[in-house]
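Colleague: Need the 3D shape of this:
(one chain, ligands or ions: 1)
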Amino acid sequence: MEKAVEFIINSYLSSPYKRKLDYLDNFLFSLLFRKENLLLRNPGSKSAKEIEGFLGKYYDYRDMIYKRMIKLNPGRENKLIEDIYLPPDRLVFLLTHNCQLRCKYCRVRKFTASMDRDVLFKGIDLLLTSNADELQVQFFGGEPLLKYGLLKKAVEYTNKARLNNKKSVSFLLTSNGIELTKEKVDFFRKHNFTVEFSIDGEIKNQLSSRKSPNGINYYAKMLSNFNYLKKSRLPYYSISVFMPENVSNMFESFLSLVNSGFERLQINYALGVFWDKKASHMLFNQTRKVIDFVRKNKNIEFINLSSMRKEPVVLNAELTLDCDGGIYLESGICLEEDFAAMKDKFKVSSIKTAKNINLLSTSDFRNFYNLSRVYGRVSPLFRKIIVNNIKLGSEYGKLLEYEQGRGSRSEKED
Ligand code: SF4
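Modeller: Sure, this is the predicted structure:
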C-alpha cells in the first residue's frame with residue numbers, strides 16, 4: 001500500500017497533474033471503505049488495524065505534498081495552493097442555533113446562541129480568499145430568518161468586500177419559511193439569493209415530521225408566506241426529508257407540493273439513520289415515480305437529477321462557520337444533537353486564525369475518514385449507519401445517473 005501511495009505522490013511531484021490527486025483520494029477512500037467493512041464483520045480485525053495506521057499517516061497527504069513542493073519551489077506558495085488544494089466555493093454560516101421547530105431528523109443542537117458581527121465579517125473575508133471563481137454564502141441554522149438583521153449586514157458587507165475582488169458571490173438561504181415576509185423576499189430578489197424552502201409535503205406529513213415544540217399549527221402561515229416567493233422572480237425550490245418510516249409517502253408528498261405551486265423540488269433521505277433493504281427499495285421506487293412524473297410534466301424540475309446534488313450526500317462536508325467562531329466540517333454540526341462532545345473532532349480551524357480557506361479544503365476520503373474516526377469508534381452502531389448511508393448514497397447516485405442518461409436518450413429520440 002505504502003509503495004503505491006508513494007509512487008503516486010512522487011509521480012505528482014515530478015509532473016503535477018491534478019487528476020493524480022483525485023486518483024490518490026479514490027485509492028485511499030477504497031482502502032478506508034474496506035477497513036470499515038472489515039471492522040463491521042470483526043471488530044478486532046488485524047488487517048483493519050494495519051489499514052487504519054496506514055491511513056492515519058496519509059490523512060493529510062495534500063499538506064504533505066505541499067510541504068515537499070514548497071521546498072523545491074520557494075516563493076510559489078499561491079500557485080502551489082491553487083494546484084494542490086480543492087478550492088471551497090461555499091461557506092455555510094450558522095447564524096443561530098435557535099429554531100421554532102423540532103424536526104424529527106434534525107441533528108443540529110438548539111440553543112439561543114447567535115453569531116456576532118465580527119465573526120460574520122471575518123467569515124466573509126475568509127470565503128473571499130478562495131481560488132474558486134464563483135462563491136456562495138449559505139445562511140443556515142437553526143432558522144436563519146430569526147437573525148434577519150444579521151443576515152442583511154452580511155449581504156451589505158459581502159457586497160462591499162467583493163468590490164475589491166473579481167469573484168462572483170451569490171447567497172443561499174435555507175429556511176422553514178415561517179418568518180418569511182414580502183419585504184424579505186424583495187430584499188432577497190435584489191441581492192442574488194436562492195431560497196431552499198424546507199417543507200415535507202401536505203399538512204399531516206409536515207406537522208408530524210417537522211413538529212413545533214409548543215404544538216402550534218404553523219402550516220397555513222408557512223404556505224401563505226410561500227406565496228410571496230411564488231409571486232417573486234426569485235429562484236427557489238422546496239427541500240423535503242424522508243425517514244425510512246415515511247418514505248412510502250414520498251411521491252404523494254411530492255405531488256402535494258407540486259399542487260401547492262412548487263416547480264423545483266429536492267428530496268433528501270434522512271442521514272444518521274439505518275436504511276434497511278425494504279426502506280431502500282421503497283426510496284428507489286418512490287424516486288422512480290417522481291422521475292416518471294417529471295418526464296411527463298416538463299415545467300417541474302427534480303433537483304436531485306441536476307449536478308447540484310452530489311451523492312453520497314453523507315460525504316458532502318461543507319465548511320461551516322458556527323456562532324462560536326469555530327470552522328467545522330458540516331458532519332460535526334449536523335450530528336451535534338447525538339454527539340455534542342464529538343463536535344470538536346470536526347473542527348478544522350477558527351475564524352481568529354484561519355487566513356486562507358483553500359488550505360481547509362476537504363475531499364470524500366477526508367470526510368469519510370473523519371466520520372469513521374469519530375463516530376465509528378464511539379459506537380459500532382454508528383459505524384454501521386455511516387457505511388450504510390454511504391452505500392445507499394452510491395446506489396442512489398447510480399439510479400439518478402441512469403435516469404439522467406435515460407432522459408437525455410429519450411429527448412434525442414423525440
Ligand atoms: S431542520 Fe431546520 S426547521 Fe427543522 S428543526 Fe432543524 S433547523 Fe429547524
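
Colleague: mind listing the helices for the stretch 151-300 of the chain?
Modeller: 182-190, 203-209, 219-231, 250-260, 277-296 (DSSP state H, counting those that start in this stretch).

Colleague: Could you dump these into TSV with distance to the ligand, mean neighbour count and mean pLDDT added?
Modeller: Placement of C-beta: from N, CA and C, glycine included. Below are these laid out as TSV (distance: least, Cβ to the nearest ligand atom, whole Å; neighbours: other Cβ atoms under 10 Å; pLDDT from 0 to 100):
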stretch	distance to the ligand	mean neighbour count	mean pLDDT
helix 182-190	16	16	97
helix 203-209	9	17	89
helix 219-231	10	16	94
helix 250-260	16	19	96
helix 277-296	19	16	97
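
Colleague: For Lys57, find the nearest of these.
Modeller: helix 277-296 (35.0 Å; Cβ to Cβ).

Colleague: Dump the helices of the stretch 151-300 of the chain to TSV, plus distance to Val169.
Modeller: Shown next, in TSV, are these (distance: least, Cβ to Cβ, whole Å):
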stretch	distance to Val169
helix 182-190	14
helix 203-209	32
helix 219-231	21
helix 250-260	29
helix 277-296	31
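
Colleague: between those, which one is nearest to Ile385?
Modeller: Between these, helix 277-296 lies closest to Ile385; by Cβ to Cβ that is 12.8 Å.

Colleague: Using CSV, list the CA coordinates for that closest one.
Modeller: Taking Å, rounded to 0.1, in the frame of the first residue of the first chain, the C-alpha atoms of helix 277-296 are listed here in CSV:
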residue,chain,number,x,y,z
LYS,A,277,-33.3,-3.2,2.3
LYS,A,278,-37.1,-2.7,2.4
ALA,A,279,-36.8,1.1,3.1
SER,A,280,-34.1,1.5,0.4
HIS,A,281,-36.2,-0.2,-2.2
MET,A,282,-39.1,2.0,-1.2
LEU,A,283,-36.9,5.1,-1.6
PHE,A,284,-35.8,3.9,-5.1
ASN,A,285,-39.3,3.0,-6.2
GLN,A,286,-40.8,6.3,-5.0
THR,A,287,-37.9,8.2,-6.7
ARG,A,288,-38.7,6.4,-10.0
LYS,A,289,-42.3,7.5,-9.7
VAL,A,290,-41.2,11.1,-9.2
ILE,A,291,-38.9,10.9,-12.2
ASP,A,292,-41.6,9.4,-14.4
PHE,A,293,-43.9,12.3,-13.3
VAL,A,294,-41.3,14.9,-14.0
ARG,A,295,-40.7,13.4,-17.5
LYS,A,296,-44.4,13.9,-18.3
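
Colleague: Which is the succeeding secondary structure element to it?
Modeller: strand 301-302 (DSSP states H and E).

Colleague: Now the element after the worst-scoring helix or strand of the chain on mean pLDDT, going C-ward?
Modeller: Ranking every helix and strand in the chain by mean pLDDT, DSSP states H and E puts helix 330-334 at the bottom, with a mean of 68. Downstream of helix 330-334, the first helix or strand assigned by DSSP H and E is strand 347-350.

Colleague: which secondary structure elements does that next one contact?
Modeller: strand 326-329 (3 or more Cβ pairs under 8 Å, 6 or more residues apart in numbering; DSSP states H and E).

Colleague: For the chain, which residue occupies the most central location?
Modeller: Centroid-nearest residue in the chain, with Cα atoms, centre = their mean: Asn316, separated by 4.6 Å.
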